[in-house]
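>>> Here's my sequence, what's the structure:
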Amino acid sequence: MLKKKNRPKVWLLTLFWLTSATFVFSQEVTVSGNVTDNTGQPLPGANVLVKGTTNGTQTDFDGNYSITADSNATLVISYIGFVSQEVAVSGKSTINVSLEEDASQLEEVVVIGYGTQKKSDLTGSVSTVDGDEINKFTYNDAAQAIQGRTAGVRVEANGGSPGANALVTIRGSSTLSDAGPLYVIDGMLTGDMASLNPGDIESISVLKDASASAIYGSRAANGVIIVTTKKGTKGGGMKVDLDYSYGLQKTVKNIDWANARDYADIVNRARDNDGNPRFPANDTQFNPNIDSDIQRESLRTAAVMNANARIYGGNEHSTYSLSLNHYDQEGVVKQSDYKRTTARVNATMNMGRFKLENTIGLTRTIENAIRYFNREWVVLPTLSIYVEEGN
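All right, here's what the predicted structure looks like:
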């Protein structure tokens with residue numbers, strides 16, 4: 001047992017040892033290195049920050065950096081459009097970092113027709129919708145995905161039949177003819193997005209001002225909608241995404257038609273007031289067993305099914321994405337439906353300064369539309385819809 005007079009010496013020795021250990025483990029070192037992308041190209045202007053502090057720097061034109069940090073600190077390296085990476089210093093003086101591309105930061109990087117640009121640097125009017133927002137709902141037309149999500153853009157359904165396309169107007173109608181915008185899907189100019197599977201969309205950018213005409217000419221007078229589809233990811237092996245949704249749709253409220261008895265009474269009173277003879281079907285030949293309701297016989301609760309399958313992946317120099325979608329919508333009017341099957345293949349290859357992209361899209365649609373609401377008034381409730389055999 002230690003004597004009492006030796007205890008202060010023990011405490012002093014322990015305190016000295018802890019202070020020395022703290023000094024050893026907290027000594028600063030100068031860390032330098034290089035920041036590149038996954039193809040080995042330097043990333044100038046990448047941010048290098050000591051985690052938990054305001055001490056940071058940026059890489060030069062060749063991707064090189066130098067920073068002073070504690071030997072047990074952690075460096076956070078970030079760059080627009082790439083996944084941020086944390087690296088422990090652990091006393092090392094040289095740390096080289098390779099960053100992977102990150103498609104989830106599309107909210108920060110906007111596709112503007114001639115490239116990409118950070119939102120804070122934009123001078124034109126651009127709105128964006130990302131894939132996470134689009135995948136929350138099921139659409140028969142991908143243009144419906146921007147409804148209510150972009151200011152100054154009006155999206156209307158072109159009728160209620162299954163598969164009806166959407167009418168998009170940007171900042172009001174500017175002409176008496178076609179007021180629709182120009183669509184650019186992965187660099188390809190088209191007139192609509194009806195053949196595109198909404199589940200394949202990575203992001204949508206809407207160019208709303210006159211600057212779009214400087215890129216695409218007079219075709220962009222009514223605005224431009226730029227669509228970027230999903231690509232593969234580098235590293236991590238092959239991945240599979242499966243998505244299935246099923247829903248029901250029905251009319252909210254039917255038209256309050258008169259039944260056979262009410263209809264006959266109304267017509268009889270009108271004929272009597274005009275001094276004209278009554279129709280036999282509404283008078284002497286009226287059949288109380290006939291009370292036709294064209295809405296009841298023609299409308300139904302309809303099903304909507306949407307199934308998606310996607311296989312994607314890649315390696316250091318190439319990526320791939322293969323998607324298949326089937327959309328099946330029954331119309332609320334019997335014998336009407338819409339079916340769409342789409343397949344899309346996206347492949348990219350990077351070899352140094354050379355980049356090759358390939359996109360193949362196939363679509364098959366079957367549409368059976370019935371113009372019901374233009375003719376329902378001609379079916380009188382006093383006339384039988386079915387023949388005697390029940391057909």
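
>>> Just give the closest residue to residue 181, not the sequence neighbours.
residue 223 (4.0 Å; C-beta to C-beta, 6 or more residues apart in numbering). C-beta here means a position set from N, CA and C on the backbone, and glycine is covered the same way.

>>> list the contacts for that neighbour?
153, 170-171, 181-182, 206-208, 212 (C-beta atoms under 8 Å, 6 or more residues apart in numbering).

>>> Which one of those residues is nearest to residue 330?
In terms of C-beta to C-beta, no member of the contacts of residue 223 lies closer to residue 330 than residue 153, at 29.2 Å.

>>> Once you drop chain neighbours, what's closest to the closest one?
residue 170 (5.4 Å).

>>> Please report how far that neighbour lies from residue 133.
Counting by C-beta to C-beta, to the nearest Å, the gap from residue 170 to residue 133 is 19 Å.

>>> So which of the two has more stuff around it?
residue 170 (25 against 15; other C-beta atoms under 10 Å).

>>> hmm, back to that, sort out which of the contacts of residue 223 are buried, if you could.
Among the contacts of residue 223, those scoring as buried are 153, 170, 181-182, 206-208, 212 (criterion: 16 or more other C-beta atoms under 10 Å).

>>> any idea how far the residue nearest to residue 152 when sequence neighbours are not counted lies from residue 195?
Spatial nearest neighbour of residue 152, chain neighbours left out: residue 171 (4.9 Å); criterion: C-beta to C-beta, 6+ apart. The gap separating residue 171 from residue 195 is 26 Å, by C-beta to C-beta.

>>> about what we covered before: looking at the contacts of residue 223, spot the one nearest residue 312.
Nearest member of the contacts of residue 223 to residue 312, counting by C-beta to C-beta, is residue 206, at 26.0 Å.

>>> That closest one should be in a strand, yeah?
Yes: secondary structure of residue 206 (DSSP: H, G, I helix; E, B strand; the rest coil): part of a strand.

>>> wait, isn't it in contact with residue 147?
No: using C-beta atoms under 8 Å as the test, residue 206 is too far from residue 147 to be in contact (11.8 Å).

>>> show me where pLDDT drops low in the stretch 101-250 of the chain?
By pLDDT under 70, the low-scoring segments of the stretch 101-250 of the chain are 103-125, 172-179, 211-213.

>>> again, only this time at 50
Residues of the stretch 101-250 of the chain meeting the criterion pLDDT under 50: 106-107, 120-123.

>>> show me where it has strands.
Using DSSP state E, counting those that start in this stretch, the strands of the stretch 101-250 of the chain run over 109-111, 116-118, 126-130, 153-157, 166-170, 182-185, 188-190, 201-207, 224-229, 239-249.

>>> and those as TSV, adding distance to residue 60?
Listed next are the strands of the stretch 101-250 of the chain as TSV, based on distance: least, C-beta to C-beta, whole Å:
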stretch	distance to residue 60
strand 109-111	22
strand 116-118	20
strand 126-130	31
strand 153-157	42
strand 166-170	42
strand 182-185	35
strand 188-190	38
strand 201-207	31
strand 224-229	31
strand 239-249	36
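
>>> Quick one: closest of these to residue 99.
Comparing these by their distance to residue 99 (C-beta to C-beta), the top pick is strand 109-111, with 14.1 Å.

>>> can you pull up the bridge partners for residue 169?
residue 154 (DSSP bridges).

>>> which ones are touching it?
For residue 169, the contact set (C-beta under 8 Å, 6+ apart) comprises 153-154, 156, 179-180, 222.

>>> next one: residue 227
Contacts of residue 227 (C-beta under 8 Å, 6+ apart): 142, 183-186, 193, 196, 201, 203-204.

>>> got TSV for those, with neighbour count too?
Converted to TSV, the contacts of residue 227 look like this (neighbours: other C-beta atoms under 10 Å):
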residue	neighbour count
142	25
183	21
184	22
185	21
186	17
193	24
196	25
201	22
203	22
204	27
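
>>> any idea how far residue 380 is from residue 259?
When residue 259 is compared with residue 380 (using C-beta to C-beta), they lie 11 Å apart.

>>> And the two? Which one has more around it.
A direct count of neighbours by other C-beta under 10 Å for residue 259 and residue 380 places residue 380 higher, at 18 against 12.
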